[in-house]
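Visitor: Here is a sequence together with a model predicted from it:
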Amino acid sequence: MIWITRALTVLALAATLTAQGTGVLRIRVALADSTGALTPIPRVLLLVSDNPATSEPRRVRTTADGTIELKLPTGSYTIESDQPLSFGGVAYTWTETIDVVAGREVVLDLNAKNAAVDTAGGGTNAVSADSAVLLSKWQDSVVEIWTPTTHASGFVVDQKGLIATGQRALGVASDVEVEMTSGRDRIKVPGTVLHSDRLTGAAIVWIDPEAIAARRPISPNCESKERATAAFRNVITAVTAPMFGGRELADGEVSRVTSQAIFADMRLARDAGGAPVFTSSGELLGISGIAEENDGSRRSREAFVVPVDNLCQTLAEAAKKMTGAPPRGIHLPLEPARSGSAVLSRAAAAPKQQLIALTSSNFDITLLTPDVVRRSGTSSPKSDLANWNEYVRDAPPMLLVRVSPQFEESFWKTLARGAAATQGVALPPLKGFSANFLKMRAYCGDAEVTPIHPFIIEREVSDSAKVREGLYAFDINALGPQCASVRFAMFSEKSPNNADMKSIDPKLFEQLKGQ
């Protein structure tokens, strides 16, 4: 009976909140820097409690643009700092009371005018927000770089179209996609790797200069004899460009310095290598790199920085290769949404979908969506996408085409199995994959459809061999009944000039969308 009483109480409370109605509270935190420019402050932890208080305060944190948006029941609320916020040597704390009105948006600005100010800096309890200046100043200059097998950060270093990133972040890629964000505007253009140096740890990508004409380069100051350095316990900051999110800050302390790298306790996402790293005074220190952990955790415990001297060496070599014209600045397709949480909530309400399995002469083809993968969990091998698991986990609705090499038993393996059988040894079929996937082209009628991403799923099967599959992401409506026909032309590494053609019923794509 107790649980029934509690359940009725919860339902009654929910009904009361519904009857009260809800409103939106939008909080903006911004402070003036040394030049007087208003700087949005990210990662500010605030406490939100109702008046009179009925429970523990709710903890919320500002996003990269210094804002928080909350949907709250109608009523009075107190907004207060969790800890003093240190910015420019001054500590700020806020305590504000505000009324939320049903069906309306209420904006609360937290700034120097309504803060309690401590010019002594707030002591050891204060949380530094000085790196917010870096985010405000450089976020439009930090870019995302997509290769067939990895996602990385990068940054504009020269308005001639040069993008700096980490050699490890790019791997062996020679052609990449560079995605840039300014506010809500996003574009993605093709790029070519001019120079990638394993010894320096840096790489330079060349894109159409027009694509970055409005973006300020983060200069490595290569002409100067005095460049930024760091010592033990110095605080450094990276401005990263993670997948499906705005630009983010990552702070850390230098733990050791070697001739080739600066190591720090800065925790970075695995897809954030290649980001610019700055000293506490705002100078470019170098390029972020990721020290992978053996446990495969998403965030590494120790990051390293490729020094700016190494970047300058790589830039000099790249300049020698700037012959001819850069890649054309055509705008490539983009994902339809950026918010992973919004995507998941939409997916939860969508009809359940099933993957569609097909075969061609040399490949197994799977049509699926991110929602299908998420719903499958670990129950199906087809939901294991290796190096692109994290992408699909947070991806918005789209069409995914997975192209896998078929596994076959060669003549010699069949012969060996037959010989063993004559000796009374029954061996199971010995399977090996036919040929690694190389690339795919998709056609809606006679028109080729450009994918959002032409990914490669890469998996090691031995110390000397890898299996490569294709994972092509398309707009969810790119292929379907509007096409007179749908065809895939698939190529293997073994036969790069011979297409394995597969025609697909256009109606299958509507089935995939749950319609």
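Guide: On my side now, so go ahead.

Visitor: mind giving me the domain ranges of the chain?
Guide: 20-129, 135-320, 340-512 (automatic domain parsing).

Visitor: Return the most buried member of these.
Guide: domain 135-320 (a mean of 20; mean count of other C-beta atoms under 10 Å). For every residue, glycine as well, the C-beta is placed using N, CA and C.

Visitor: If you average the pLDDT over it, what comes out?
Guide: Averaging pLDDT along domain 135-320 yields 91.

Visitor: mind checking the end-to-end distance for it?
Guide: 32 Å (C-alpha to C-alpha, to the nearest Å).

Visitor: Stretch 321-336 now?
Guide: For stretch 321-336, the first-to-last residue distance is 36 Å (C-alpha to C-alpha).

Visitor: Quick check: buried residues in it?
Guide: Buried positions in stretch 321-336, judged by neighbour count with 16 or more other C-beta atoms under 10 Å: 322, 326, 327, 329, 332, 333, 335.

Visitor: In contact with the first one, which residues?
Guide: It refers to residue 322. The neighbours of residue 322, taking C-beta atoms under 8 Å, 6 or more residues apart in numbering as the test, are 160, 194, 206.

Visitor: Any chance you could list what contacts stretch 42-57?
Guide: Contacts for stretch 42-57 (C-beta under 8 Å, 6+ apart): 25, 27, 29, 58-66, 68, 70, 72, 75-83, 85, 94, 97, 110, 127, 129, 132, 135, 248-249.

Visitor: Select from these every entry located in helices.
Guide: Using DSSP state H, the subset of the contacts of stretch 42-57 located in helices is 132, 135.

Visitor: between the contacts of residue 322, which is closest to residue 259?
Guide: Nearest to residue 259 out of those is residue 194 (C-beta to C-beta; 25.1 Å).

Visitor: Just want the phi and psi numbers for the closest residue to that closest one other than its chain neighbours.
Guide: Of all residues not flanking residue 194 in the chain, residue 318 sits nearest, at 4.2 Å (C-beta to C-beta, 6 or more residues apart in numbering). Backbone torsions for residue 318, taken as degrees, to the nearest 10, come to phi -60, psi -40.

Visitor: Go ahead and confirm residue 318 touches residue 200.
Guide: No - the pair residue 318 / residue 200 is not scored as a contact, 10.9 Å apart, by C-beta atoms under 8 Å.

Visitor: so what sits against both of those two?
Guide: Taking C-beta under 8 Å, 6+ apart as the contact rule, residue 318 and residue 200 have no neighbour in common.

Visitor: which residues in this structure form helices?
Guide: 2-20, 132-138, 167-170, 308-320, 340-349, 370-376, 389-394, 411-422, 507-512.

Visitor: Would you single out the least confident of these?
Guide: Taking the mean pLDDT of these, helix 340-349 comes last: a mean of 42.

Visitor: Redo the contacts of residue 322 as TSV? Include distance to residue 393.
Guide: Shown next, in TSV, are the contacts of residue 322 (distance: C-beta to C-beta, whole Å):
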residue	distance to residue 393
160	37
194	33
206	32
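
Visitor: quick one: which of those is nearest to residue 453?
Guide: Distances from residue 453 to these, taken by C-beta to C-beta, are shortest for residue 206, at 20.1 Å.

Visitor: In contact with that closest one, which residues?
Guide: Contact analysis of residue 206 by C-beta under 8 Å, 6+ apart lists 161, 162, 163, 191, 192, 193, 194, 318, 322, 326, 327.

Visitor: between the residues you listed, which is nearest residue 371?
Guide: residue 191 (30.8 Å).

Visitor: Isn't the closest one up against residue 205?
Guide: Yes - using C-beta under 8 Å, residue 191 makes contact with residue 205 at a distance of 4.4 Å.

Visitor: between these two, what contacts are shared?
Guide: 145, 163, 176, 178.

Visitor: Can you redo those residues as CSV, where the extra columns are distance to residue 303?
Guide: What follows is the shared contacts of residue 191 and residue 205, written out as CSV (distance: C-beta to C-beta, whole Å):
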residue, distance to residue 303
145, 17
163, 20
176, 22
178, 22
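
Visitor: and which of those is nearest residue 223?
Guide: For those, the nearest to residue 223 is residue 163 (19.7 Å; C-beta to C-beta).

Visitor: So what pairs up with the residue lying closest to that closest one once chain neighbours are set aside in the strands?
Guide: The shortest distance from residue 163 to any non-neighbouring residue, by C-beta to C-beta, 6+ apart, is to residue 205 (4.2 Å). Counting by DSSP bridges, residue 205 is bridged to residue 163, residue 193.

Visitor: do the same with residue 404
Guide: Assigned bridge partners for residue 404, using DSSP bridges, are residue 364.

Visitor: Next up, the contacts around it.
Guide: Each residue near residue 404 by C-beta under 8 Å, 6+ apart is listed here: 363, 364, 365, 366, 437, 469, 470.

Visitor: same check, this time on residue 135
Guide: Residues near residue 135 by C-beta under 8 Å, 6+ apart: 40, 42, 64, 239, 247, 249.

Visitor: Now the fifth one. Nearest residue, chain neighbours left out?
Guide: Counting by C-beta to C-beta, 6+ apart, the nearest residue to residue 247 once its immediate chain neighbours are dropped is residue 139, at 4.1 Å.

Visitor: Kindly report the same for the second one.
Guide: Of all residues beyond its chain neighbours, the one nearest residue 42 is residue 64 (4.8 Å), with distances taken as C-beta to C-beta, 6+ apart.

Visitor: Tell me the pLDDT of the one you found.
Guide: 84.

Visitor: and residue 79, what does it touch?
Guide: Neighbours of residue 79 in contact, by C-beta under 8 Å, 6+ apart: 27, 46, 47, 48, 94, 95, 96, 97, 98, 108, 110.

Visitor: I'd say residue 102 and residue 22 touch.
Guide: Yes - counting by C-beta under 8 Å, residue 22 is a contact partner of residue 102 at 6.4 Å.

Visitor: joint contacts of the two?
Guide: With C-beta under 8 Å, 6+ apart as the test, residue 102 and residue 22 both reach residue 74.

Visitor: which stretches of the stretch 151-300 of the chain form strands?
Guide: Along the stretch 151-300 of the chain, counting by DSSP state E, counting those that start in this stretch, strands occupy 151-158, 162-166, 175-182, 185-196, 202-206, 235-240, 248-257, 262-264, 276-278, 284-291.

Visitor: From the contact counts, what lies against the second one?
Guide: I take that to be strand 162-166. Packing partners of strand 162-166 (3 or more C-beta pairs under 8 Å, 6 or more residues apart in numbering; DSSP states H and E): strand 142-146, strand 151-158, strand 202-206, strand 284-291, helix 308-320.
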